[in-house]
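> Sharing a sequence plus its predicted fold:
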Amino acid sequence: MAAGRQARGEERRLHILRTTLEVIERHGVDAVTHRAVSDASDVPLGSVTYYFPSKDGLLRDALELWAAEEVERLGALAASIEAAELSPREGAARWSELLSANDPHQVAQFELYLQAARTPELRDAVREAFAAYERVAVAGLRAVGLEEPESVAALFVALADGMGLRRVADPDAAAPFKAALVQLFEALGARER
């Protein structure tokens, strides 16, 4: 019986965190309050405050959940890239897949990045996410023949984040960048041959 209660408690906690990400997505970090999350999640206010006594703790755990799920997703993507021998065009297509993934929490991602700039306790989760993105960049760049992809992986992560930010601000602006990304990968692949 205790194990079942524990599992339900963890499900409720995760539901609160995912709802927190949705509140951030729709209204921004400043809109996150225990009451707003309670109302949006249909979880009693007392339960929200039981699991998360402070707003900073709620934000930190929401960011950590997002980062953990992103690390898992990106790990699978990196493994699939490493297992394949990709042409530069195929490598660019995989990167386009990453950049155009329909992440319902992408706005929340950028909001939480900015919050981490103000709240040092959030930075470890952001670092984990950046490291996962860099592992995917290394795998993709190595797959198209770049000999030292670690030297430019952070640049590709910055490119991905910049494209993601631009896409959430103006969804129509991303298409031309996908074509430019293919050209960039092809140029890198050709240079290394």
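Happy to help now that I have it. Numbering: from 1, shown residues only.
> which helices and strands sit right next to the top helix by length along the chain?
Longest helix of the chain, by residue count under DSSP state H: helix 55-83. Counting contacts by 3 or more Cβ pairs under 8 Å, 6 or more residues apart in numbering; DSSP states H and E, helix 55-83 is packed against helix 2-27, helix 34-41, helix 88-100, helix 106-118, helix 123-143. Bear in mind the C-beta positions are built from the backbone N, C-alpha and C, glycine included.
> Tabulate the ones you listed (JSON lines), appending mean pLDDT and mean neighbour count.
Shown next, in JSON lines, are the helices and strands packed on helix 55-83 (pLDDT from 0 to 100; neighbours: other Cβ atoms under 10 Å):
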{"stretch": "helix 2-27", "mean pLDDT": "90", "mean neighbour count": "15"}
{"stretch": "helix 34-41", "mean pLDDT": "97", "mean neighbour count": "18"}
{"stretch": "helix 88-100", "mean pLDDT": "67", "mean neighbour count": "19"}
{"stretch": "helix 106-118", "mean pLDDT": "85", "mean neighbour count": "18"}
{"stretch": "helix 123-143", "mean pLDDT": "83", "mean neighbour count": "20"}
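> will you turn the ones you listed into CSV that also has distance to residue 66?
Shown next, in CSV, are the helices and strands packed on helix 55-83 (distance: least, Cβ to Cβ, whole Å):
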stretch, distance to residue 66
helix 2-27, 6
helix 34-41, 15
helix 88-100, 16
helix 106-118, 6
helix 123-143, 8
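> and residue 183, which of the ones you listed is closest to it?
Closest approach to residue 183 among the helices and strands packed on helix 55-83 (Cβ to Cβ): helix 88-100, 8.1 Å.
> Nearest spatial neighbour of the residue positioned nearest the centre of the chain, chain-adjacent residues omitted?
In the chain, the residue lying closest to the centroid (Cα atoms, centre = their mean) is residue 70, at 4.9 Å. Nearest residue to residue 70 in three dimensions, chain neighbours excluded: residue 129, at 5.4 Å (Cβ to Cβ, 6 or more residues apart in numbering).
> In contact with the one you found, which residues?
66, 67, 70, 71, 109 (Cβ atoms under 8 Å, 6 or more residues apart in numbering).
> List the single closest residue to the last one in space, sequence neighbours excluded.
The spatial neighbour of residue 109 that comes closest, neighbours along the chain excluded (Cβ to Cβ, 6+ apart), is residue 66 at 6.5 Å.
> Next, find the distance separating the one you found from residue 10.
17 Å (Cβ to Cβ, to the nearest Å).
> Could you do residue 144 as well?
41 Å.
> swap in residue 162?
Distance from residue 162 to residue 10, by Cβ to Cβ: 36 Å.
> Could you do residue 155 as well?
38 Å.
> Check residue 168 too.
Taking Cβ to Cβ, one finds residue 168 at 30 Å from residue 10.
> Much appreciated, bye for now.
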